[in-house]
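Asks: what follows is a predicted structure for the sequence shown.
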Amino acid sequence: MTPRPKLAPFRPRLLDALAGYNRERFFKDVGAGATVGIVALPLAMAFAIASGLKPEAGIWTAIIAGFLISAFGGSSVQIGGPAGAFIVIVYGIVERYGVANLLIATACAGVLLFLLGLFRLGTLVRYVPVSIVIGFTNGIAALILISQIKDWLGLSIEKMPADMFSQLHTLATNLDTFNPYAFGLGLACLAGLFAWPHLLAEKMRVGQTVRIVLGRFANTRTAQVSSRVPGPIVALITLTLVSWGFGLHVETIGTRFGGIPQGLPAFELPDFSWETVKQLVTPTLTIAALGAIESLLCARVSDQVSGLPRHDPNQELMAQGIANTIAPFFGGMPATGTIARTVTNVRAGATSPIAGIVHAITLMVVVLVAAPLAQHVPLAVLAGILVSVGWNMGEWREFSPYMLRRFSRHYRLLMLGTFFLTVVFDLSVAVQAGIVLACALFIRRMSGLFNVEMVSLEPPVLTFRLFGALFFGAAAKLDETIQAVERAPRGMTVVLDAMHLISLDATGLDALRQLHKTVLARGGAMSIESLQPQPLEVIVRSGFADELASGMPQGDEHGT
């Protein structure tokens, strides 16, 4: 009777974090959560708009999914919500299937993510090669940069196509609608975001000097508070005031979307049908795969940065599944772990998932209070923020000739191939092709590790030594051994020294059977010595050990 698979226990990290929780940790989490909540506001709006959705879709995804991922997740400090990695995917799905079907695909992907965690498949994500991850991450980053050119330059384009070449053609044919005010706002936003960390570092040095000179009478909190002020929110507020104060003629959230609703979103069930679900298999798998990879990579980063207990990958996937299943019922987009906001959370002093919950509550309060003000936000400023996100997302140094020379040809082929497939086609094609290519290259490399060495030819004994793994990718190498047996004198006893044979599969076993038949056909006998446990188990269980002992191939004892 086949044993039932053992399911992962549903135990959110929040339960463990609350053990020994005290007032000091609570205030740290509240401060960190409030900081991340403010950071999330411009990013959530920007991600939604760039994905072809209304800004409130990103905001309520950050609130609802962010709350659920923190409450039920397997990481102590990970922040969930809409992510830049989903921009290209979501935009393509909206263009091809529509917003309603995006919600269905997201909910189905949530169910799939929950099942992946429930059946303890979270560790499988770690088997995706780093070269593929870097390739599609850089590809997505490049597509994000291209997608923001329209709003940064203020071009008057009704609707942007989904694929890169069409986007470039559309941009080139509409350059005559260039808006210098939009370009100036986007450029100022970018300059401010890149300069802000250096300004904060200078403030911290000044604050430390003041404390040394004035001692306890100094205002020691000035530098600490300044170090937590997020650059995106500073750029959003200041440049919105500049645009509104000078009456610049640029497109804003209000002119394109009519503003952001000031109230809670309505609960609506998408129009589910089995026929619709079958048509959405590819986008569902793409959302689930990207969500799993991004969330678990982010969780690993949070473990390294925070020094807190390691995350539970299966519990994290179950939380991602819950969030992505529920958020679409409120008009939300796909959500996953977000590295930038997670690192901000850690650096702001977070100690538990309470910080992520506070981040969601903070964002909800800000939206409910300040929603009318969002209509004045220029889209060029959000484009500048996303250009910064795209630039920081890409690991461009990996593409330099110096770094490429340090890697093997297999690594370069996987990374560059995945990058170009992501840019030219889409992420699902790139990941699928990358994994298939990685498997093919792995098989080729492993087959190169298998070797057969002739030890001696002293009639009537012919001895061979086997090295490595005899599997389907290397079984053909036994053909040379068969040819050597055919050239040897008849009646030879063939001895295989399997001391260094570490693995054997069904195809390799079949190759050994063919060798055995060749030896018997030439009036000889064959034996295998010094078998390791795994090959020995395969040979005994298959009955090949009895064939070797009896000197007859399978079936001959029955007269066939």
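Replies: Everything's here; your move. Residues are numbered from 1 along each chain as shown.
Asks: quick one, helices of the stretch 451-560 of the chain?
Replies: Secondary structure of the stretch 451-560 of the chain (DSSP state H, counting those that start in this stretch): helices at 478-487, 506-521, 533-542, 544-550.
Asks: all helices in the stretch 51-200 of the chain, in order from the N-terminus.
Replies: 55-72, 87-97, 99-118, 130-147, 149-153, 164-173, 180-214.
Asks: now the third one - C-alpha only, CSV.
Replies: In CSV, the C-alpha atoms belonging to helix 99-118 read as follows (Å, rounded to 0.1, in the frame of the first residue of the first chain):
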residue,chain,number,x,y,z
VAL,A,99,-8.6,42.4,-16.2
ALA,A,100,-11.4,40.0,-15.2
ASN,A,101,-9.4,37.0,-16.4
LEU,A,102,-6.3,38.3,-14.6
LEU,A,103,-8.2,38.2,-11.3
ILE,A,104,-9.2,34.6,-12.1
ALA,A,105,-5.7,33.6,-13.0
THR,A,106,-4.3,35.2,-9.8
ALA,A,107,-6.8,33.4,-7.6
CYS,A,108,-6.0,30.0,-9.3
ALA,A,109,-2.3,30.7,-8.9
GLY,A,110,-3.0,31.4,-5.2
VAL,A,111,-4.6,27.9,-4.9
LEU,A,112,-1.7,26.4,-6.6
LEU,A,113,0.8,28.2,-4.4
PHE,A,114,-1.0,27.0,-1.3
LEU,A,115,-0.9,23.4,-2.5
LEU,A,116,2.8,23.7,-3.3
GLY,A,117,3.4,24.6,0.3
LEU,A,118,0.9,22.1,1.7
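Asks: before we move on, the earlier item: TSV please, covering the helices of the stretch 451-560 of the chain and showing mean neighbour count and distance to Arg96.
Replies: C-betas here are computed from N, CA, C, even on glycine. Formatted as TSV, these follow (neighbours: other Cβ atoms under 10 Å; distance: least, Cβ to Cβ, whole Å):
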stretch	mean neighbour count	distance to Arg96
helix 478-487	15	48
helix 506-521	18	41
helix 533-542	15	47
helix 544-550	15	53
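Asks: for Asn101, which of those helices is the nearest?
Replies: For the helices of the stretch 451-560 of the chain, proximity to Asn101 was assessed by Cβ to Cβ; helix 506-521 is nearest, at 42.4 Å.
Asks: that older thread, among the helices of the stretch 51-200 of the chain, which is the most enclosed?
Replies: Mean neighbour count, computed with mean count of other Cβ atoms under 10 Å, is highest for helix 55-72 among those, reaching a mean of 27.
Asks: export that helix to PDB, keeping only CA atoms.
Replies: The C-alpha trace of helix 55-72 is given here as PDB (Å, rounded to 0.1, in the frame of the first residue of the first chain):
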ATOM      1  CA  PRO A  55      -3.600  52.700  -8.900                       C
ATOM      2  CA  GLU A  56      -6.100  51.400  -6.300                       C
ATOM      3  CA  ALA A  57      -5.400  47.800  -7.500                       C
ATOM      4  CA  GLY A  58      -1.800  48.100  -6.300                       C
ATOM      5  CA  ILE A  59      -2.700  49.900  -3.100                       C
ATOM      6  CA  TRP A  60      -5.300  47.400  -1.900                       C
ATOM      7  CA  THR A  61      -3.100  44.500  -2.900                       C
ATOM      8  CA  ALA A  62      -0.300  45.900  -0.700                       C
ATOM      9  CA  ILE A  63      -2.800  46.300   2.100                       C
ATOM     10  CA  ILE A  64      -4.700  43.000   1.900                       C
ATOM     11  CA  ALA A  65      -2.000  40.700   0.600                       C
ATOM     12  CA  GLY A  66       0.600  42.400   2.700                       C
ATOM     13  CA  PHE A  67      -1.500  41.800   5.800                       C
ATOM     14  CA  LEU A  68      -2.200  38.200   5.000                       C
ATOM     15  CA  ILE A  69       1.400  37.400   4.100                       C
ATOM     16  CA  SER A  70       2.700  38.800   7.300                       C
ATOM     17  CA  ALA A  71       0.000  37.200   9.400                       C
ATOM     18  CA  PHE A  72       0.300  33.700   7.900                       C
END
